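>>> Mind looking at a prediction? Sequence and model below.
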Amino acid sequence: MTDPVVQIRPAEPPPSWNRRVLFFSNIHSIFYGNVEETRQLMDEITGSHSYGGRVIAILDLLFSQRPNAMVLEVAPEPSLMKYLAQSIGLSMPQHEILERPGYDRIAMATDPEHAARQNRLFQKLREHPAEWVDGFVTDANLVRIAELLGKKTISTLDGSKNGNNKYLLYRHQVEERLPVFETLIAADQVEILAALGQLRAAGYRKAVVKAQIGASGYGMNIVSLDDAETPALPDFLFFEGPCMVQGWIEDGVLGMRKLASPSVQMFLNDDTVVLFDITEQILSEQSVHQGNLSPPPVARRFPEVASELWRQAAIAGTWLHRQGYRGTGSVDFLIVERHGRPETIICEINARVTGATYPAFLARHFKPKGEWLMRNIAFRKAMDGPDLIALMARTGVLFRPGGGAGILPFNFNTDEEGKVLKGQFVCIGDRIDDCTELLDRAWTQLPVEWGYDRD
């Protein structure tokens, strides 16, 4: 197999597929059949049934042929779709509604005729001109649905699953002699206890136990090594096999200090890996994603960090391409200060449309050389979508193409009545300070109670 060409194109509009696609919002498949881990994640995401709507804003940017179609669990919020299409001129794909049980039933069908009997939407999707099928991940059900539809998946099953496997990536980092966290491998609870003891003896105060596949803080348990007893860890951590037990980096431990958590955004097609943006992740104390900004402040403080991020991301992206993954993704890093100098360490690859993909595509589309800040915002009280957009417009913070800095809402998480519980908002401006100031202004001038939230 020939390795791909790696291109570094910072702050340029991301590349796209010259293809049409049916994109399934299969967020329930994100852990590839690990039911308990999926259940816990879905319980934590506000309005999880409407999570997939965020892709609709960028799908026609990612797939340049038309028409594309989104297959969602619930219909997108109408006023937001009107804003995206009519007010800021984004092309909107078609959308269809397929609840999760319908997705599973179609995948279990024995042939296309059986699938059509299982769900009336199947025949409409089969006749859609898109030649390709994609989703948040390419799981076994998505592969089977593509076969029944007579279409192809963008990624292979192994490429998608292996590309999200932290243990396989760790082994590759070791082979490439890239920096890694102090890591021990544990096949069961007994081996975890032994590994925690070794890390305690090495001088760590905390450790993290990582499942091979996880996301948004799930599949990752932080354990205090000062506690007399180690809490019981969930069995789903071993769903894919042995766990990784790693020393947790924190200020003052072993002479280290955490500086930043940047992420390199990338796009993989059949023969190329394009690295197109570096962002700074906004993380909670538990390392759960809450937002992103670009460019990352750490790259300004330490100019050599940017070149090292590009270098390691190129190695990781080439490995990901070899697995058979194609599409958007990100390589997440931790920058640690040791002996007064920064050290760059890969944390994980997210082989999917990530929390930074949406704002990066939108910001680079509207203001290629600008800067941006994305936050997840939850509302104390559910709001009507039209009222929220009207309030943002009246306050002067709503994004308009060709204007100054503005806040662009690109997804609303809704309750069962269709009211907005939470949303994803990207502020786009010439400078990151413009974005910060605009968000501060929104805090004080919008007559609603809201706060920052997890992804």
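Arrived safely, thanks for sending. Numbers count the residues shown, from 1 in each chain.

>>> Name the single longest helix found in the chain.
helix 303-323 (DSSP state H).

>>> Flag every buried residue along the next helix or strand after it.
Next along the chain after helix 303-323, taking DSSP states H and E as the criterion, comes strand 327-338. Using 16 or more other CB atoms under 10 Å as the test for burial, strand 327-338 gives 327-337. For glycine as for every other residue, the C-beta is placed from the backbone atoms N, C-alpha and C.

>>> next one: stretch 244-251
Result for stretch 244-251 [16+ other CB under 10 Å]: buried residues 244-249.

>>> Return the alpha-carbon coordinates of that stretch using CSV.
The C-alpha coordinates for stretch 244-251 follow below in CSV (Å, rounded to 0.1, in the frame of the first residue of the first chain):
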residue,chain,number,x,y,z
MET,A,244,-4.3,1.4,29.3
VAL,A,245,-3.4,2.8,32.7
GLN,A,246,-1.5,6.1,32.5
GLY,A,247,0.1,8.6,34.8
TRP,A,248,-2.1,11.7,35.0
ILE,A,249,-0.2,14.9,34.1
GLU,A,250,-0.8,17.8,36.6
ASP,A,251,1.1,20.8,37.7
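
>>> so for that stretch, what's the average pLDDT?
In this model, stretch 244-251 has a mean pLDDT of 94.

>>> Please apply the same query to stretch 327-341.
92.

>>> same check, this time on stretch 105-115
pLDDT averaged over stretch 105-115 gives 94.

>>> And stretch 190-207, by the same measure?
Here stretch 190-207 scores 94 as its mean pLDDT.

>>> Give me the contact list for that stretch.
182, 184-186, 209, 222-226, 230, 233, 242-243, 245-248, 250, 253-254 (CB atoms under 8 Å, 6 or more residues apart in numbering).

>>> Return a ChimeraX selection command for the buried portion of those residues.
Selecting only the buried entries of the contacts of stretch 190-207 in ChimeraX, with 16+ other CB under 10 Å as the criterion:
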select :182,184,186,209,223,225,230,233,242,243,245,246,247,248,253
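
>>> So which of the contacts of stretch 190-207 are in strands?
184-186, 209, 222-224, 243, 245-247 (DSSP state E).

>>> ok, Asn292 - contacts?
Going by CB under 8 Å, 6+ apart, Asn292 touches 263, 279-282, 355-356, 359-360, 373-374.

>>> Would you check how far apart it and Glu449 are?
As judged by CB to CB, to the nearest Å, Asn292 and Glu449 stand 24 Å apart.

>>> ditto for Pro409
The gap separating Pro409 from Glu449 is 17 Å, by CB to CB.

>>> Same drill for the two, tell me which one is more crowded.
Set side by side, Pro409 and Glu449 show more neighbours around Pro409, with 23 against 9, by other CB atoms under 10 Å.

>>> ok, Gly135 - how many residues close by?
Look at Gly135: counted by other CB under 10 Å, it has 30 neighbours.

>>> so where's the stretch 1-150 of the chain uncertain?
For the stretch 1-150 of the chain, the stretches with pLDDT under 70 are 1, 46-47.

>>> For it, which segments count as helices?
For the stretch 1-150 of the chain, helices defined by DSSP state H, counting those that start in this stretch occupy the ranges 35-44, 59-62, 78-82, 100-107, 112-118, 121-127, 140-149.

>>> The third one - contacts with which helices or strands?
Secondary-structure packing of helix 78-82 (3 or more CB pairs under 8 Å, 6 or more residues apart in numbering; DSSP states H and E): helix 385-395, strand 406-414.

>>> Likewise for the shortest one?
In terms of contacts (3+ CB pairs under 8 Å, 6+ apart), helix 59-62 is packed against helix 357-366.

>>> May I have the helix it packs on as PDB, with CA atoms only?
The C-alpha trace of helix 357-366 is given here as PDB (Å, rounded to 0.1, in the frame of the first residue of the first chain):
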ATOM      1  CA  THR A 357     -14.800  20.000  12.600                       C
ATOM      2  CA  TYR A 358     -18.000  22.000  12.500                       C
ATOM      3  CA  PRO A 359     -16.600  25.400  13.600                       C
ATOM      4  CA  ALA A 360     -13.400  24.900  11.600                       C
ATOM      5  CA  PHE A 361     -15.400  24.300   8.400                       C
ATOM      6  CA  LEU A 362     -17.800  27.200   9.000                       C
ATOM      7  CA  ALA A 363     -15.100  29.700  10.100                       C
ATOM      8  CA  ARG A 364     -12.700  28.800   7.200                       C
ATOM      9  CA  HIS A 365     -15.700  29.000   4.800                       C
ATOM     10  CA  PHE A 366     -16.800  32.500   5.900                       C
END
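
>>> Contacts for that helix next, please.
So helix 357-366 is contacted by 11-14, 54-55, 57-58, 61-62, 88, 265, 276-277, 279, 292, 294, 328, 330, 370-372, 374, 399, 401, 408, 410-411, 424, 426, 428 (CB under 8 Å, 6+ apart).

>>> Going through the residues you listed, which ones are buried?
Counted by 16+ other CB under 10 Å, these give 11, 14, 54-55, 57-58, 61-62, 88, 265, 276-277, 279, 292, 294, 328, 330, 370-372, 374, 399, 408, 410-411, 424, 426, 428 as buried.
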